[in-house]
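model the following, please.
(3 chains)
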Amino acid sequence: MTGSARLPILIAVIVLALLPLGATSNTLLNFMTFALIVALAAQGWNLLGGYGGQFSFGHAAFFGTGAYAMGLLQVRFGLNPWAAMPVAMLLGAAVGWAIGFLAFRARLRGAYFALVTLAFAEVFRILANAWAFTGAAAGLLVPLKLQAANMQFEDKRLFYWLVLAFVAGALVLTAELARSRFGARLVALRENEDAARALGVDTLRVKLAAITLSAGVTAAAGGLYAQKSLYLDAAIAYGPWISVDALLAPIVGGLGTVFGPLIGALALLGLGELSKMALGNLFGGAVPGIDLIVFGILLILAVAFAPRGLLGLFDRLIRRPRPAEGGEATP
Amino acid sequence: MTELTRRTLLQTGAAVGALVSMPAILRAQAAPVRIGILQPVTGALAQDGEYGRLGAQIALDEINAAGGIKALGGAKLEVVFGDARSNPEGGTQEVERMEAEKVSAIVGGFASPIVLAASQAASRYNIPYICDVGVSDQIVNRGLTNTFRFGPGFGIVTSTALENLVKLNEAAGKPAKTVVVVHEDGLFGSGMAKLLQAQLPGRGFEILETIAHPTPSRDMSNVALRIRALNPDLVIPSSYYAEFVLLARTMQQQRIRPKGIYAILNGAASNFRFVKEFPDAANLVMDCNHWADPRKPKTAEVRRLAEAGGRFWLYNTPLNYSCVKLLADAIERAGSSDRAKITEALASSTFADHIMPYGPTKFVNGQNQGAAPVNTQVQNGDIKVIFPDAFSDAKPIFPAV
Amino acid sequence: MPFQPGCRRLMLQIDILLSALANGLMTGAVYALIALGLTLVYGVLHVINFAHGATLTAAMFAVWAAHDGLGIDPYVAILILTPLFFALGYALQRFVIGPASHGSDSNILLVTLGLSIVIENALLAAFRSDTRSIDVPYGFSVIELGNLFLPLPKVIAFFASFLVAALLWGLMAHTDIGKAIRAVSREKTGAALSGIPVEHVYAVTFGLGAACLAVAACLLMPTFLVNPRVGNAFVLVAFTIVVLGGMGSVPGALIGGLIIGVVESLSGLYFGESLGQIGIFLIFILVLLVRPAGLFGARA
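Below you'll find the model as predicted:
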């Protein structure tokens, strides 16, 4: 994705922004809002995992920190959510920096890095489930007060557009990053860390910057999720589900591409929702799990026929040479 | 790339849109009333969801077979089923779909986080929401006027459990003084443990230890060992099915025989599978839990229908059966499928034709005032009600040793 | 909350401590068996197999079905299910995971995750959501050592796990296929050039991993239970063992399993089961930060 990324971003955002103005249902709106939140978390993951080749299995640590910060700052400290949002992002970024500092200084790579992030996320989950301050196992309920000043909107489209604004910001950030010297260093590090170091790249600093940025973006997704659901518990905020979704979406869409996480999240969650509507409810729940069986098979088939993600598939279909940045990283 | 990206997005959107607008609208002669049945039938809570769905289905079949809603010219109840996938977001998404499919009311949810999310989403459209289990008291304390809970919350469950425990102990000559509490570390187990810690000492019991464990647990040996070391008179476990089965088995293996096992809202202690598979470990275990009223003839009928499909008799089934019957009664009295009118009818409900041991329904701020748990005890391969006396079909056997 | 008054009292009871230790070792040995399959696959393919937990669940249902439907004792079932699951694992890698992932690591993640969703929900659709257990005559038998009551099935599982680990180690060290596996894990291209059928070796490794799970399932079922999600409970702990022992190392997995078993048991005893789980992850994080290649790993 080079300098021409701005136009596609603009078009994509406009199309997404116009979606709720057409004749669409709240079902779709709610789905799209949630999918965009997951896409935002995945965009964060993609900065570190897609461009930097550092596969994290524990982005829940950042998502959950953002979510809990958003909830706690409102409930415990009476802070306005608009003010709480940047704080939540900063806290998420700080957690990212701290985990990165420990893991990258110990030179953890590949599966070792992946699993240490997973372990941190689990520690956070267990602590949040036990600590009275976070509401422990009873969870944290943010009072329902539908006011724009409260980041809770009477008109759900407004919240959708707010989430879209964050996604758009992350798209621009990713595109700018991909063009920057920092992005070039990050990609160099992914392709060959030793070679990058030999060329004078301060790999620790680059990786730390990447994980901090990545965590901040994913924490924003957590904060938005807290505001959407208004209820948090440890399994929701720090549960493995979001680590997995944030990791899967970019792989499905296209690793290390600007649009990969967005397309991947929409495709993945859309497929899950469609199979549920088409099959799960058809049997009235009499055959539980049938829709997920179909979903799993479709996922495997999608990988078989689009090994380079959906973006790679579309490239191949119109016989274009593959852009350089979609390389493989080793988990 | 530009063209492609836009096309991708449009295609994705169109595909989603196509299916959203696809709901099969099958209109019968007298316009049917659509009812949303929301349960987690896949994921971690699949068992509870499945048994809850079963109860709702039995009720719907029964109502339709008996001529539907008479006030609406025999309108049939039409089920719009939703799978919450064992998480709150799944519940919210299904409520949105049910709204699109124009349901008149929603029943179910099972877990508190799902009920909290789903009832809140339903409140946006004023869809009356009847919570089947969800014991968190936040569900009815939030001031959502669309939300009703037919069963008891854990405040009521714990105080009933304590009162009955004191009665039980006094009747037996106060053999139990020391207690170990074992609880799952989620919302219901932890909430329960907190209330027990606050209230047990005042009722003459000493808590030796409160042991939390995660769900799922791979092994309950350590919990059993601690119990063995502390040697309490009474063990109070509040866990899901698998963990309690593991604990009961390990206690038997380690020859730990307290004077009583007094479970609260336990997933196994009043589960016939447990009783059938481990009759020795299960024998004389007591539980304070949701349970159908054994004296009502209808209970036996619903149980027979549930068991006809090879299923066990779990509390989720009669509870959801009763919730759907309660809703049908409200629709009948409202004489309308209008949400606001049904909500009104629910709020003023005095419905008594259910199979739970509650008496006539009376909602105050959404909570059914008559709702209470009962005490059961496993006796010789059967599950008997031992408290309250008005519903009981057996006398308690305590102390067990 | 961690330190409660009861702790002091517990500290003093030596037989409780010994029981916890023994239990930790016995449980840890089965964890090790589950981790063996994971570590083998990692050693060769260098990716994490997300379908490991679901495969274990499938094996446990197979044990249940063999006992409930055909009356086959779980220990006898080892003889039937081990080759069956070897074949299953082989076929999955050869005909599903390999072809679908086109040799890309991130795609293997996706495919194994897809497989785990399919397996878990196929089991849900077939067996329903109920938690089932089997009742064997020796299910409640114990070996008495003074004040220690060691459940017989767990003692059997302990020794059987060692036996399987030893067999696997022998297989890796002394057979042609073992040498081929080690060659592929060290240098894939070189192995391929020297005529080793790499795809076959991958599939055999997967088969061995699934076979280990079948044995583990047979050893677990006399004291455990099964539902469509039960395998997930073992996955995370198996991951930590694999990393702790060093990825690809058979003795590492065994010792890592025993360590994790004991740590889990003791921290569970003293800190409670919930917070005790943190003990595992903290040990895991610390070991990685200090010794990034794990206890027995050659290098990161």
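
who are the contact partners of A:Thr117?
A:Thr117 makes contact with A:56-59, A:61, A:99, A:103, A:243, according to C-beta atoms under 8 Å, 6 or more residues apart in numbering or on different chains. For every residue, glycine as well, the C-beta is placed using N, CA and C.

10 Å instead, please
By C-beta atoms under 10 Å, 6 or more residues apart in numbering or on different chains, the residues touching A:Thr117 are A:48, A:54-62, A:96, A:99-100, A:103, A:108, A:211, A:243, C:285.

looking at those residues, which are in helices?
Counted as lying in helices by DSSP state H, out of the contacts of A:Thr117, are A:60-62, A:96, A:99-100, A:103, A:211, A:243, C:285.

quick one: which of these is most hemmed in?
A:Phe62 (40 neighbours; other C-beta atoms under 10 Å in any protein chain shown).

where does the chain dip in pLDDT?
Using chain A here. A:1-4, A:23-24, A:280-285, A:318-331 (pLDDT under 70).

that's the wrong chain, I wanted chain C
Confidence mapping of chain C against pLDDT under 70 gives the ranges C:1-12, C:297-300.

which residues of it fall in helices?
Per DSSP H, chain C carries helices over the ranges C:6-12, C:14-45, C:52-70, C:74-91, C:98-101, C:105-127, C:152-174, C:176-186, C:188-193, C:198-220, C:232-245, C:250-271, C:273-290.

wait, which of the ones you listed is closest to B:Arg142?
helix C:273-290 (27.6 Å; C-beta to C-beta).

what about the residue in the stretch 151-300 of chain C that chain B sits nearest to, neighbour count?
In the stretch 151-300 of chain C, the residue that lies nearest chain B is C:Glu273 (3.5 Å; C-beta to the nearest C-beta). Neighbour count for C:Glu273, taken as other C-beta under 10 Å: 25.

doesn't B:Thr210 make contact with it?
No - in this structure C:Glu273 lies outside contact range of B:Thr210 using C-beta atoms under 10 Å: 11.6 Å.

what's the overlap in contacts for the two?
Residues touching both C:Glu273 and B:Thr210 (C-beta under 10 Å, 6+ apart): B:Val182.

once you drop chain neighbours, what's closest to A:Glu154?
A:Leu146 (5.0 Å; C-beta to C-beta, 6 or more residues apart in numbering or on different chains).

got a list of what that neighbour touches?
A:152-155, B:124.

out of those residues, which are buried?
Buried by 16 or more other C-beta atoms under 10 Å in any protein chain shown: A:152-153, B:124, out of the contacts of A:Leu146.

check the gap between C:Ile117 and A:Leu118 for me.
19 Å (C-beta to C-beta, to the nearest Å).

same deal with A:Leu28?
33 Å.

would you map the helices across the stretch 151-300 of chain A?
Using DSSP state H, counting those that start in this stretch, the helices of the stretch 151-300 of chain A run over A:156-179, A:181-191, A:193-198, A:203-229, A:234-237, A:240-253, A:260-275, A:290-305.

so which of the ones you listed is nearest chain C?
helix A:290-305 (3.6 Å).

all strands of chain B, in order?
Along chain B, counting by DSSP state E, strands occupy B:33-39, B:77-83, B:105-108, B:129-131, B:147-149, B:178-184, B:206-213, B:234-238, B:260-264, B:286-289, B:363-364, B:367-368, B:374-379, B:382-387.

which residues of the stretch 1-150 of chain A fall in strands?
Here the stretch 1-150 of chain A has its strands, by DSSP state E, counting those that start in this stretch, at A:140-141.

what does it put close to chain C?
A:49-50, A:55, A:57, A:99, A:102-103, A:105-127, A:129-132, A:136-137 (C-beta under 10 Å from any C-beta of the partner chain).

return the members of those residues classed as buried.
Among those, those classed as buried by neighbour count (16+ other C-beta under 10 Å) are A:49-50, A:55, A:57, A:99, A:103, A:106, A:108-127, A:129-130, A:136-137.

neighbours of C:Val215, just the number please.
Around C:Val215 there are 26 other residues, counting by other C-beta under 10 Å.

and B:Thr145, its phi and psi?
Backbone torsions for B:Thr145, taken as degrees, to the nearest 10, come to phi -80, psi -10.

from B:Pro373, how far off is it?
Going from B:Thr145 to B:Pro373 by C-beta to C-beta gives 26 Å.

more neighbours: which of the two?
Taking neighbours as other C-beta under 10 Å, B:Thr145 and B:Pro373 compare with B:Pro373 leading, 27 against 14.

so who does the more buried one touch?
Residues near B:Pro373 by C-beta under 10 Å, 6+ apart: B:135, B:151-152, B:154, B:156-158, B:160-161, B:164, B:264-265, B:287-291, B:315, B:356-357, B:387-388.

quick one: it from B:Ser159, how far?
Taking C-beta to C-beta, one finds B:Pro373 at 10 Å from B:Ser159.

for C:Ala20, same thing?
Taking C-beta to C-beta, one finds C:Ala20 at 36 Å from B:Ser159.

neighbour-wise, which of the two wins?
Shown here are C:Ala20 and B:Ser159; by other C-beta under 10 Å, C:Ala20 has more neighbours (24 against 14).

who in the stretch 151-300 of chain C is up against chain A?
By C-beta under 10 Å from any C-beta, the residues of the stretch 151-300 of chain C that approach chain A are C:228, C:232, C:235-236, C:239-240, C:242-244, C:247, C:272, C:274-278, C:280-285, C:287-294, C:297, C:300.

which ones are touching the residue lying closest to C:Gly24 once chain neighbours are set aside?
Of all residues not flanking C:Gly24 in the chain, C:Ser265 sits nearest, at 3.0 Å (C-beta to C-beta, 6+ apart). Residues near C:Ser265 by C-beta under 10 Å, 6+ apart: B:219, B:221-222, B:225, C:17, C:19-28, C:276, C:279.

equivalent analysis for B:Thr210, please.
Contact partners of B:Thr210, counting by C-beta under 10 Å, 6+ apart, are B:179-183, B:190, B:193-194, B:196-197, B:200, B:236, C:1, C:4, C:6, C:272.

quick one: least confident of these?
Least confident entry in those, by pLDDT: C:Met1, with 37.

B:Gly82 reaches B:Phe110, doesn't it?
No - with contact defined as C-beta under 10 Å, B:Gly82 does not reach B:Phe110; the gap is 11.9 Å.

so those two - more neighbours on which side?
The neighbour comparison of B:Gly82 against B:Phe110 (other C-beta under 10 Å) goes to B:Gly82, with 32 against 28.

if I look at the more buried one, how far off is C:Val290?
For B:Gly82, the distance to C:Val290 - C-beta to C-beta - is 49 Å.

count the neighbours of A:Asp144 for me.
To be clear, residue A:144 is Leu; Asp isn't right here. A:Leu144 has 15 neighbours, counted by other C-beta under 10 Å.

same check on A:Asn30?
A count of neighbours around A:Asn30, defined by other C-beta under 10 Å, yields 24.

can you pull the contacts of it?
Per C-beta under 10 Å, 6+ apart, neighbours of A:Asn30: A:156, A:159-160, A:228, B:89, B:92-97, B:99-100, B:121.

state the distance spanning the first to the last residue of stretch B:286-295.
Chord length of stretch B:286-295, first to last residue, is 19 Å (C-alpha to C-alpha, to the nearest Å).

ah, wrong one, I meant stretch C:242-252
End-to-end for stretch C:242-252, by C-alpha to C-alpha: 8 Å.

quick one: that stretch to chain centroid distance?
Centroid separation between stretch C:242-252 and its chain, computed with C-alpha atoms, centre = their mean, to the nearest Å, is 12 Å.

what is the neighbour count of the nearest residue to C:Gly279 once chain neighbours are set aside?
Nearest non-adjacent residue to C:Gly279, counting by C-beta to C-beta, 6+ apart: C:Ser267, 3.2 Å away. Residues near C:Ser267, counting by other C-beta under 10 Å, number 23.
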